[in-house]
Each structure stands twice: as C-alpha cells, then as structure tokens.
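**Q** Got a sequence here, can you model it:
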Amino acid sequence: MVRITEDLVRKRSEHNEGEIFSLEELTLHQQDIERIEFLDKHCKKLRILYLQNNLIPKIENISRLKELEYLNLALNNIEVIENLEGCESLKKLELTVNFIGDLTSVENLINLENLEELYLVGNPCTEYAGYREYVIATLPQLKVLDGEEIGKAERIIAFQNLSAHYKTILQSQKAYFAKRVIILTMLV
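**A** As a prediction, the model looks like this:
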C-alpha cells in the first residue's frame, strides 16, 4: 500500500520547489494509493488535486481543503459520495468509473454552491432509470453533468418529476445492493 506522505508530496511538487504548504496543484495519479491522508493538514492551499487511477475506496480527509476547485477521483473504488461538505470552492468533481451505487449520496453535495460540473459516467448509478433527472433536480447549481450541459427545459422537467424519480432511484439502489450482496457472498 502506498501512503500519501510528506516525501511523496515533495517529489510530486517539484514545480513548487518542493514546498508543500503553498502547493496549489498536486498530481498523485497511478500511485496505488488506498487512503486519502496528510493533504488536509499540510496542503491547505490546494486548488487542483489529481487522485485518479488509484485504489481509494472512500472519500475522506479532504473537507478542510477550502480552496479546492477541482478534484479528480476517477478510476478508484469509491462507492459513496461523502465528506466533501467543507470543500466550499469546489467547481468540478470527477468520479468517473468508480463503484457508486448509492445515487442518493449526491445529496451530500447540495451545499457546494460553486459546484458546476459533476462526472459520474461508468458508475452503476448511471444505469438507474431517472438518474440524470434526479441529479439535476437534487443539485440545481450544476451546469454540466457527465460532459453534457444542462438546459433550462431539462432542469424544469427534472424538478417537476423529482418525487417520481426519487422513488425509482430508491428501488434501483435496493436492487443493486441486493445483487451486490449476492455476488460478494459468492466470492467468499
């Protein structure tokens, strides 16, 4: 397991003369990282963080990064969208190709007023009927979902059908988790 340590961050911050406290951009992709740590205490000035293509199962220890504008967690093992409430400057969040089956966890992004772009392509939740409409109605601040701009008419229709989509999403999640339990028990 590769850990996010001071040495690793210094190596990846050569463009900033190895200074980590004032670091604004950090690339830690393809490092086999399994846990997000260290950054919230020592790299509080981060604006751009690349953590794609690792082994991260949980979003954690990022909420203190108040200046973070772009977070890329694509190609990891994330199942739930959580622990981003403190990232008040976040504009773009990439969660492409993870294992997010809990679509209602997008509700954890409601208070991120600056969030304009969200990418969930390649997650199980994108297969749920009403997926796009539910996300658009739940996160009215979004301008782009999965690379497609959100139009006014699409937003109005999504709001009008939110309660119906919510019920469908809950049923889809329940079916997904039941299927997942069966698969996991077969693997054990």
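
**Q** Tell me the buried residues in stretch 7-25?
**A** By 16 or more other Cβ atoms under 10 Å, the buried positions in stretch 7-25 come out as 8-9, 12-13, 16, 20, 23-24. Where you see a C-beta, it was placed from the backbone N, CA and C, and this is true even at glycine.

**Q** Going by distance to residue 186, which of these wins?
**A** residue 8 (37.0 Å; Cβ to Cβ).

**Q** Confirm that the closest one sits in a strand.
**A** No. Checked against DSSP: H, G, I helix; E, B strand; the rest coil, residue 8 lies outside a strand; its state is helix.

**Q** isn't it right next to residue 28, touching?
**A** Yes. In terms of Cβ atoms under 8 Å, residue 8 counts as a neighbour of residue 28; the distance is 7.3 Å.

**Q** least confident pick among the buried residues of stretch 7-25?
**A** For those, the least confident position by pLDDT is residue 16, scoring 70.

**Q** I'd say it and residue 27 touch.
**A** No. Under the criterion of Cβ under 8 Å, residue 16 is not in contact with residue 27, lying 11.6 Å apart.

**Q** Report the residue spans of this protein with pLDDT below the cut-off.
**A** Across the chain, the stretches falling below the confidence threshold (pLDDT under 70) are 18.

**Q** Helices along that one, start to end?
**A** Using DSSP state H, the helices assigned to the chain run over residues 6-11, 39-42, 131-138, 152-160, 162-187.

**Q** distance between the ends of stretch 81-99?
**A** Using Cα to Cα, to the nearest Å, the span of stretch 81-99 from its first residue to its last is 10 Å.

**Q** mind checking how far that stretch is from the chain centre?
**A** When distances are taken as Cα atoms, centre = their mean, to the nearest Å, stretch 81-99 is centred 3 Å away from the chain's centroid.

**Q** Likewise for stretch 108-126?
**A** Taking Cα atoms, centre = their mean, the mean C-alpha location of stretch 108-126 is offset from the chain mean by 6 Å.

**Q** so how far does that stretch reach from one end to the other?
**A** From its first residue to its last, stretch 108-126 covers 17 Å (Cα to Cα).
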